[in-house]
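*Asks:* I'll drop the sequence and a predicted model, then ask my questions.
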Amino acid sequence: MAGPAAFLGGPANVIMQLSFAPVGRGVLESTVTSGRFDLRPRKRGRTTLTYLAVAMLGTDEDRAAFRAAVNTAHRQVRSGPDSPVRYNAFDPRLQLWVAACLYRGTVDSLAYLFGALDEESADELYAESARFGTTLQVPPDLWPADRGAFAEYWESMLPELSLDPQIREYLLTQLVDMAPYGVWERRLFRRVNRFFTTGFLPQHFRDELGLAWSVRRQRAFEVTMRIIGRVLTVGPEAWRLYPFEEYLADMRRRRERGLPLI
């Protein structure tokens with residue numbers, strides 16, 4: 001886990017998730033306004049990072065408590081009569097795709113920061129990453145058996161991905177160009193966000209969104225990530241795990257006090 005990479009690569013990961021039409025329409029049409037990124041981007045980001053922290057660093061009790069909180073919101077996320085595709089937030093197939101994107105993003109970010117994992121570490125990370133899905137409704141036997149099976153699953157999903165005009169516009173304006181944020185935040189960080197978001201995206205997704213990229217930009221992205229990785233390597237572990245540990249501790253305090261977890 002690397003918190004700085006989660007900050008920088010988060011928008012790209014959401015883009016991958018929402019490229020599967022039932023997931024994208026579920027987010028676009030959601031009536032749960034308290035958790036919509038376009039309305040409350042900081043709260044949405046905090047909830048997502050807390051979920052990652054609970055799934056990978058939390059206890060079974062933490063995961064059960066957070067599952068119950070997420071389920072409360074997910075019960076309201078289902079397609080209506082006018083939705084162009086059918087979806088239900090409790091569908092394990094949709095949750096599997098989201099979990100797969102989270103795993104893919106984790107592996108990519110660690111490789112950019114620190115170099116490729118050795119085979120033993122890669123297998124260990126893959127096995128633990130099943131919790132990205134099993135923390136919610138993905139049954140353990142639905143998670144591909146090993147990294148080879150995951151690669152086959154990933155490739156099999158690419159032809160099923162599509163962006164209708166509404167979802168494409170949503171992704172470009174809300175996630176790439178930071179529309180939910182204030183004017184000064186957009187002026188300061190929009191170009192940086194676009195750079196890292198495009199850098200973290202596999203080429204298939206860049207092409208779908210029409211995001212320009214080049215060998216020179218790829219090199220600049222890789223050098224920047226490796227510098228960040230070097231800083232994290234020589235610094236205290238708390239730097240690497242920020243903000244995961246803080247968000248996990250906050251979730252536990254909220255649970256003890258009976259406050260909402262999301």
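*Replies:* In hand now; what should we look at?
*Asks:* for the longest helix along the chain, packing partners?
*Replies:* Ranked by residue count, the top helix of the chain under DSSP state H comes out as helix 92-114. In terms of contacts (3 or more CB pairs under 8 Å, 6 or more residues apart in numbering; DSSP states H and E), helix 92-114 is packed against helix 3-18, helix 21-28, helix 119-129, helix 131-134, helix 147-157, helix 183-200, helix 215-234. (Each C-beta comes from the backbone N, C-alpha and C, glycine too.)
*Asks:* With only the CA atoms kept, save that helix in CSV.
*Replies:* In CSV, the C-alpha atoms belonging to helix 92-114 read as follows (Å, rounded to 0.1, in the frame of the first residue of the first chain):
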residue,chain,number,x,y,z
PRO,A,92,-21.0,-9.4,-7.3
ARG,A,93,-20.0,-9.2,-11.0
LEU,A,94,-19.9,-5.4,-10.9
GLN,A,95,-18.1,-5.4,-7.5
LEU,A,96,-15.6,-7.8,-9.0
TRP,A,97,-14.7,-5.4,-11.7
VAL,A,98,-14.3,-2.6,-9.2
ALA,A,99,-12.0,-4.8,-7.0
ALA,A,100,-10.0,-5.8,-10.1
CYS,A,101,-9.4,-2.1,-10.9
LEU,A,102,-8.3,-1.5,-7.4
TYR,A,103,-5.8,-4.4,-7.5
ARG,A,104,-4.5,-3.3,-10.9
GLY,A,105,-4.0,0.2,-9.7
THR,A,106,-2.2,-1.0,-6.6
VAL,A,107,0.2,-3.2,-8.6
ASP,A,108,0.9,-0.5,-11.2
SER,A,109,1.5,2.2,-8.5
LEU,A,110,3.9,0.0,-6.6
ALA,A,111,5.8,-0.8,-9.8
TYR,A,112,6.1,2.9,-10.7
LEU,A,113,7.2,3.8,-7.2
PHE,A,114,9.6,0.9,-6.3
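*Asks:* Now do it, average pLDDT.
*Replies:* Average pLDDT, helix 92-114: 97.
*Asks:* In it, which of the residues would be classed as buried?
*Replies:* For helix 92-114, the neighbour count (16 or more other CB atoms under 10 Å) marks 92, 94-110, 112-114 as buried.
*Asks:* nearest to residue 72, of the helices and strands packed on helix 92-114?
*Replies:* Nearest to residue 72, of all the helices and strands packed on helix 92-114, is helix 21-28, at 15.7 Å by CB to CB.
*Asks:* contacting residues for residue 194?
*Replies:* Counting by CB atoms under 8 Å, 6 or more residues apart in numbering, residue 194 makes contact with 176, 177, 211.
*Asks:* re earlier: could the helices and strands packed on helix 92-114 go into a markdown table alongside distance to residue 80 and mean pLDDT?
*Replies:* Below are these laid out as a markdown table (distance: least, CB to CB, whole Å; pLDDT from 0 to 100):
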| stretch | distance to residue 80 | mean pLDDT |
| --- | --- | --- |
| helix 3-18 | 18 | 95 |
| helix 21-28 | 10 | 94 |
| helix 119-129 | 33 | 97 |
| helix 131-134 | 26 | 97 |
| helix 147-157 | 25 | 97 |
| helix 183-200 | 30 | 96 |
| helix 215-234 | 40 | 97 |
